[in-house]
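> I would like the atomic coordinates for the input below:
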Amino acid sequence: QLQLVESGGGLVQAGGSLRLSCAQSGRTINLYGMGWFRQAPGKEREFVGVINWSGRSTVYADPVKGRFTISRENGKNTVYLQMNRLKPEDTAVYYCSLSTRVGDWPIRRWDYWGQGTQVTVSS
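Residues are numbered from 1 along each chain as shown. Next comes the predicted model:
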């Protein structure tokens, strides 16, 4: 069974940076799109960004454009979320999600979800 394992969360001051990782564990899938979502306390889960199977296409939510970057290392079946110039409003649990529907773009359906990693940005 495939599992997604996020890491890299933590506490950072506003203006700082963090890099989250999402790695496959157990059964692995080589062709996939990966998304990042986040959920702040009392709010619904929201889309952060997505990268396609090749890494050549990405889409970001407006609040993170120009600050967050998604990349991938296909040989390691790992996807990263580089977060720069963090703001207190970026505080949330961040989740990665995997889609096997590599022909879909933008991806709208997700097959697997990670357990989430907490990111806290202090002012």
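
> can you give me the strands in this protein?
2-7, 10-13, 18-26, 33-39, 46-51, 58-60, 68-73, 78-83, 92-99, 112-113, 117-122 (DSSP state E).

> Minimum distance to W105: which of those has it?
With Cβ to Cβ as the criterion, W105 lies closest to strand 33-39 of the strands of the chain, at 7.8 Å. All C-beta atoms are positioned from the backbone trio N, CA, C, and that covers glycine.

> Give me the helices and strands touching that closest one, please.
strand 18-26, strand 46-51, strand 68-73, strand 92-99 (3 or more Cβ pairs under 8 Å, 6 or more residues apart in numbering; DSSP states H and E).

> quick one on the thing from earlier: please tabulate the strands of the chain in TSV, including the columns distance to P106.
Listed next are the strands of the chain as TSV, based on distance: least, Cβ to Cβ, whole Å:
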stretch	distance to P106
strand 2-7	19
strand 10-13	29
strand 18-26	18
strand 33-39	9
strand 46-51	6
strand 58-60	6
strand 68-73	13
strand 78-83	16
strand 92-99	10
strand 112-113	18
strand 117-122	24
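
> one step back: can you tell me which of the helices and strands packed on strand 33-39 is most buried?
Neighbour counts (mean count of other Cβ atoms under 10 Å) averaged over each of the helices and strands packed on strand 33-39 peak at strand 92-99, with a mean of 22.
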